[in-house]
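J.: no sequence on this one, just coordinates:
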């Protein structure tokens with residue numbers, strides 16, 4: 001099993017940046033694909049970005065391509081989501097996820113508690 005703890009959320013003005021971190025505890029961090037989902041108020045949860053266990057491949061939702069970057073550091077057991085050029089529509093609770101298979105198009109096995117990101121206009 002793996003436990004996930006997010007940090008780095010907060011309030012930022014449109015056009016600003018935030019970096020979310022996801023600290024993973026448990027065994028074999030490098031076995032897991034990692035990702036970020038988000039859920040805005042009144043909307044369905046959606047995948048934002050994913051990275052494979054070896055860090056070689058990434059996936060981004062069209063809405064964040066060119067603005068967000070996902071990365072991971074195996075030595076620190078941590079995944080990151082760098083968010084630039086933030087827009088009010090990026091406002092949501094962001095969840096870190098992990099699974100031993102791709103998290104795209106499925107419900108990942110492991111979820112963090114979520115961190116709120118609010119972008120003001």
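T.: Sure thing, it's come through. Note that the coordinates shown come from a computational prediction; the quantities given were computed from them, not determined experimentally. Numbers count the residues shown, from 1 in each chain.

J.: report the central residue of the protein.
T.: Nearest to the mean C-alpha position of the chain, by C-alpha atoms, centre = their mean, lies residue 36 at 2.5 Å.

J.: residues touching it, list them.
T.: Neighbouring residues of residue 36 by C-beta atoms under 8 Å, 6 or more residues apart in numbering: 20, 22, 47-50, 70, 79, 81, 94-97. Every residue, glycine included, has its C-beta placed from N, CA and C.

J.: what helix or strand is it located in?
T.: Counting by DSSP states H and E, the element that carries residue 36 is strand 33-39.

J.: is it true that residue 88 touches residue 16?
T.: No - at 11.3 Å, residue 88 does not count as touching residue 16 under the criterion of C-beta atoms under 8 Å.

J.: need the overlap of contacts for those two.
T.: Residues within reach of residue 88 and of residue 16 at once, by C-beta under 8 Å, 6+ apart, are residue 119.

J.: same drill for the two, tell me which one is more crowded.
T.: It is residue 16, of residue 88 and residue 16, that has more neighbours when counted by other C-beta atoms under 10 Å, with 14 against 11.
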